[in-house]
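Chemist: One predicted model, sequence on top.
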Amino acid sequence: MSRRYANVMNAGRPTSYTTAMHVPLSAALLLGVLCCACCAGIAYGQNYASLLEEAKNPELVNSLLKWRRTLHAMPELQFSEVNTSLYIRSQLDEMGIPYVYPLGRTGIRAGPIGSSDPGAPTIALRADMDGLPISEEVDVPYKSTTAGRMHACGHDAHMAMLLGAARLLKARKSSLGGRVVLLFQPAEEGGGGARELIREGGLAEVGAIHGLHVWPALPAGTIGTRGGVFMAASDRFSLLVRGAGGHGAMPHTARDPVVAAAAVVGALQSLVARETSPVDSAVVTVSRFNTGPGAANVIPDCVELSGTIRALTAPTFERLHRRLEQTAEGVAAGYGCTVENITWSEVPYPPTRNDEALSALVREVAAELLDPPMAGVATRGSPSSSSPSPSSRVQLVEPSMAAEDFSFYGEVVPQASFTFLGIGDPTKGTDVGLHSPRFQMDEEQLPLGAALHAAVATEWLLRQQTQTQQTQHQTQQTQVQQDAAGTEAEGEGDVAAAAEAGKQAPDQPAAEEEGEEEDEAEEEEKEDPRLEGLRKYAREKGVAGMPSWVRRMLADDPEFARAVAQADFDEGLRERLRAAREQQEQRRREREAAMAQQAAEAAGAAAAQAAAEAAVGGEVAAEAAAVGESGSVDGAEGSAAHDEL
């Protein structure tokens, strides 16, 4: 939305001292009354509750279900999402949304939706695409059609919700304050697909990115996030403990790698229990212990161990790498064995860090989506009991030791935030953990995920637009203050010259002000085109429910605030504003009177001093005093006239 008024201080023509002083004061009071009047119904952002209602429209719900179930039945592993990508592109084609493919081998960058200006603020929304090598055990009509493959981490739902967000955003593209791009990313499950997408330009021009993940540990219909470190760094390891095999009846003739490997497993737990601060979370898990095929009475030559390490901080993550290798080698050596083939995953994931400001924005928008709060929601899983959120359905969750390659985006994009969407409902079986063959999605939460994506993008773009306008406004105000300072100095010089010459300064400024007021009145006759939208909203919702994007526009554009005050959509609001303006005008007149009184008192004091000097100095001094008195009075009158402008 462009400004109607380029400069509320009449930039481009001379600015008087009182214009620079009084307009901001009256506008500030006006805005204060407006904000109080408008904030009763909505706490943050726009009216996002209506966006959720739009997402729950039966037509969109049916599309969300179709998308999710189609994708669920065709899971593909990392970097093999060929059919998945083909299906996504077909849906984008139906919506008329352009895209770039392939990106990161099988990924897609769709959009932009919104502004055609490549320099406009741009936010990305991301969904992952790959499935897992798991055999599904849930008997549903849309069960996986590929043996040993399953969408057991909700990525099918992520893609469906992002398509839903695309449709919501496309419907309001003309009102977006910038651009939205959609990232359908391959290979989240250990492949580091995010890194591939970044390398191939998937984040070009992107200033912020938001992603979400379905989360069975949170109650269905809740949203959880936090600023700062949100998810752990992660790496996978594998190593071989080698000894010398033998007969189980004669272990003394062998170097038993089974006992050595078991000791290694136990010793590795000390890396967390005894080497890591209790307030610095870390995990070392050995999840595989493989002795290979063989008879029960045979000691094998080697044992393979594999597992994962997690940490919330980079220094701890690095230390765990180093100490795991040292501990395994040292313990194995104590049993006469060696450690070979220590390997780590090709793409370790760094910690996922949420930008504080964007995370707060997500919580605010989520609170609006879910307002009023759902009564009696039990906080299961990891929510903090001291959540500051205004809604019980928005949780400030504790950091998770799970990992996400969304973390790579946070290392490149100025603002990144990741969100959990609660799907846990024991009555539906959707509280089963991720990566389980019995994992199920609560499909009733699909509209919420789509609406959250769309709302976060809309609100972020709005705030970027407001920030830009505020910067422009501050620049204009600085220029106005500089102009006012110059005008004040010129006025003081004129008054001094008039006093010296013993002449009263002409009343020219008053005429100039009259002309300025006529110009302003003529300009105000043209109604701001944004008022029609507000008038329609007020008719439907009432002034008390006015969305807070109005408040941001009012705070940034005092002239628009004045136009709103003069609009005809709410007489009660106009009366409050009119009273506020009258009160402010009265205060202005009182200040001017006080300044005039001070000037008169100063002139009187100067006259008295001149009279005293005349009495002492004789006739010549008296003459000079008379001239000085006349000049002082003229100067006081000139100063008072100047202050009225």
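Modeler: Yep, it's here. Numbering: from 1, shown residues only.

Chemist: how about the strands of the stretch 151-300 of the chain, start to end?
Modeler: Applying DSSP state E, counting those that start in this stretch to the stretch 151-300 of the chain gives strands spanning 179-185, 208-219, 223-225, 228-231, 233-242, 246-247, 282-290, 298-299.

Chemist: Which elements pack onto the second one?
Modeler: Which is strand 208-219. On a contact count with 3 or more C-beta pairs under 8 Å, 6 or more residues apart in numbering; DSSP states H and E, strand 208-219 meets strand 122-128, helix 155-171, helix 356-369, strand 415-424, helix 446-501. Every residue, glycine included, has its C-beta placed from N, CA and C.

Chemist: closest to Met231 out of these?
Modeler: Closest to Met231 of these is strand 415-424 (C-beta to C-beta; 6.9 Å).

Chemist: and the closest one with strand 208-219, angle?
Modeler: Orientation of strand 415-424 against strand 208-219 (axes from the mean of the first three to the mean of the last three C-alpha atoms, to 10 degrees) gives an angle of 20 degrees.

Chemist: helices or strands up against strand 415-424?
Modeler: Against strand 415-424 (3+ C-beta pairs under 8 Å, 6+ apart) you get strand 208-219, strand 223-225, strand 352-354, helix 356-369, helix 446-501.

Chemist: As JSON lines, the strands of the stretch 151-300 of the chain with distance to Leu125 would be great.
Modeler: Listed next are the strands of the stretch 151-300 of the chain as JSON lines, based on distance: least, C-beta to C-beta, whole Å:
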{"stretch": "strand 179-185", "distance to Leu125": "6"}
{"stretch": "strand 208-219", "distance to Leu125": "6"}
{"stretch": "strand 223-225", "distance to Leu125": "15"}
{"stretch": "strand 228-231", "distance to Leu125": "17"}
{"stretch": "strand 233-242", "distance to Leu125": "23"}
{"stretch": "strand 246-247", "distance to Leu125": "59"}
{"stretch": "strand 282-290", "distance to Leu125": "30"}
{"stretch": "strand 298-299", "distance to Leu125": "55"}
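
Chemist: Can you tell me which of those strands is nearest to Ala603?
Modeler: strand 208-219 (60.6 Å).

Chemist: Buried residues of the closest one, list them for me.
Modeler: Of all the residues in strand 208-219, those buried under the rule 16 or more other C-beta atoms under 10 Å are 208-219.

Chemist: Over to stretch 392-408?
Modeler: Within stretch 392-408, judged by 16+ other C-beta under 10 Å, the buried ones are 392-397, 399-408.

Chemist: Repeat that for stretch 131-147.
Modeler: Counting neighbours by 16+ other C-beta under 10 Å, one finds that the buried residues in stretch 131-147 are 131-132, 134, 136, 138, 142, 144.

Chemist: what's it in contact with?
Modeler: In this structure, residues lying in contact with stretch 131-147 by C-beta atoms under 8 Å, 6 or more residues apart in numbering are 69-70, 72-77, 148-153, 155-156, 189, 435-440.

Chemist: Buried members of these into PyMOL, please.
Modeler: The PyMOL selection below is limited to those of the contacts of stretch 131-147 classed as buried (16+ other C-beta under 10 Å):
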select buried, resi 69+70+72+73+74+75+76+77+149+150+151+152+153+155+156+189+436+439+440
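
Chemist: So what sits opposite Gln415 in the bridge?
Modeler: Ala208 (DSSP bridges).

Chemist: Distance of it relative to Gly207?
Modeler: 7 Å (C-beta to C-beta, to the nearest Å).

Chemist: ok so, going back, can you list the helices and strands packed on strand 208-219 in CSV and add mean pLDDT and distance to Gly114?
Modeler: As requested, those are arranged in CSV below (pLDDT from 0 to 100; distance: least, C-beta to C-beta, whole Å):
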stretch, mean pLDDT, distance to Gly114
strand 122-128, 99, 9
helix 155-171, 99, 7
helix 356-369, 96, 17
strand 415-424, 99, 17
helix 446-501, 79, 7
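
Chemist: Let's have the ones you listed in TSV, adding distance to Pro112.
Modeler: Formatted as TSV, those follow (distance: least, C-beta to C-beta, whole Å):
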stretch	distance to Pro112
strand 122-128	7
helix 155-171	10
helix 356-369	19
strand 415-424	17
helix 446-501	11
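
Chemist: what's the burial count for Gln598?
Modeler: 13 (other C-beta atoms under 10 Å).

Chemist: Who are the contact partners of it?
Modeler: With C-beta under 8 Å, 6+ apart, Gln598 has no contacts at all.

Chemist: Can I take it that it is in a helix?
Modeler: Yes. Per DSSP: H, G, I helix; E, B strand; the rest coil, Gln598 lies within a helix segment.

Chemist: roughly how far apart are it and Ala608?
Modeler: Distance, Gln598 to Ala608, by C-beta to C-beta: 16 Å.

Chemist: The stretch 1-150 of the chain: strands as residue ranges?
Modeler: Counting by DSSP E, counting those that start in this stretch, the stretch 1-150 of the chain has strands at residues 99-103, 107-114, 122-128.

Chemist: what's the most buried one of those strands?
Modeler: strand 122-128 (a mean of 27; mean count of other C-beta atoms under 10 Å).

Chemist: quick one: low-confidence parts of the stretch 151-300 of the chain?
Modeler: Across the stretch 151-300 of the chain, nothing is flagged by pLDDT under 70.

Chemist: Just give the nearest non-adjacent residue to Arg288, would you?
Modeler: Nearest residue to Arg288, sequence neighbours excluded (C-beta to C-beta, 6 or more residues apart in numbering): Ser306, at 4.2 Å.

Chemist: got it, and Arg319?
Modeler: Glu275 (7.6 Å).

Chemist: Roughly how far does the one you found sit from Val284?
Modeler: From Glu275 across to Val284, the span is 10 Å (C-beta to C-beta).

Chemist: Neighbour count: the two, which is higher?
Modeler: Val284 (23 against 14).

Chemist: who does that one bridge with?
Modeler: Beta-bridge partners recorded for Val284 (DSSP bridges): Ile309.

Chemist: Show me how the record splits this structure into domains.
Modeler: 48-229+362-461, 233-344 (automatic domain parsing).

Chemist: Can you tell me which of those is most buried?
Modeler: Most buried of the domains of the chain, by mean neighbour count (mean count of other C-beta under 10 Å): domain 48-229+362-461, with a mean of 21.

Chemist: and the end-to-end length of that one?
Modeler: Length of domain 48-229+362-461, first residue to last, C-alpha to C-alpha, to the nearest Å: 14 Å.

Chemist: right, and the strands of the stretch 151-300 of the chain - which one's nearest Val347?
Modeler: strand 233-242 (9.1 Å).

Chemist: Kindly calculate the angle that the closest one makes with strand 282-290.
Modeler: Orientation note: strand 233-242 sits at an angle of 40 degrees relative to strand 282-290 (the same axes, to 10 degrees).

Chemist: what sits up against strand 233-242?
Modeler: For strand 233-242, using C-beta under 8 Å, 6+ apart, the contacting residues are 190, 257, 260-261, 264, 301-314, 317, 321, 324, 328, 332, 337-345, 348-351, 403, 407.

Chemist: Narrow those residues to those in strands?
Modeler: 302-311, 338-344 (DSSP state E).

Chemist: Would you mind listing where the stretch 1-150 of the chain has pLDDT under the threshold?
Modeler: 1-46.

Chemist: Now do the contacts for the residue nearest to Thr122 when sequence neighbours are not counted.
Modeler: Spatially, and ignoring its direct neighbours in sequence, Thr122 is nearest to Arg179 (4.4 Å; C-beta to C-beta, 6+ apart). Contact analysis of Arg179 by C-beta under 8 Å, 6+ apart lists 111-115, 117, 120-123, 205, 461.
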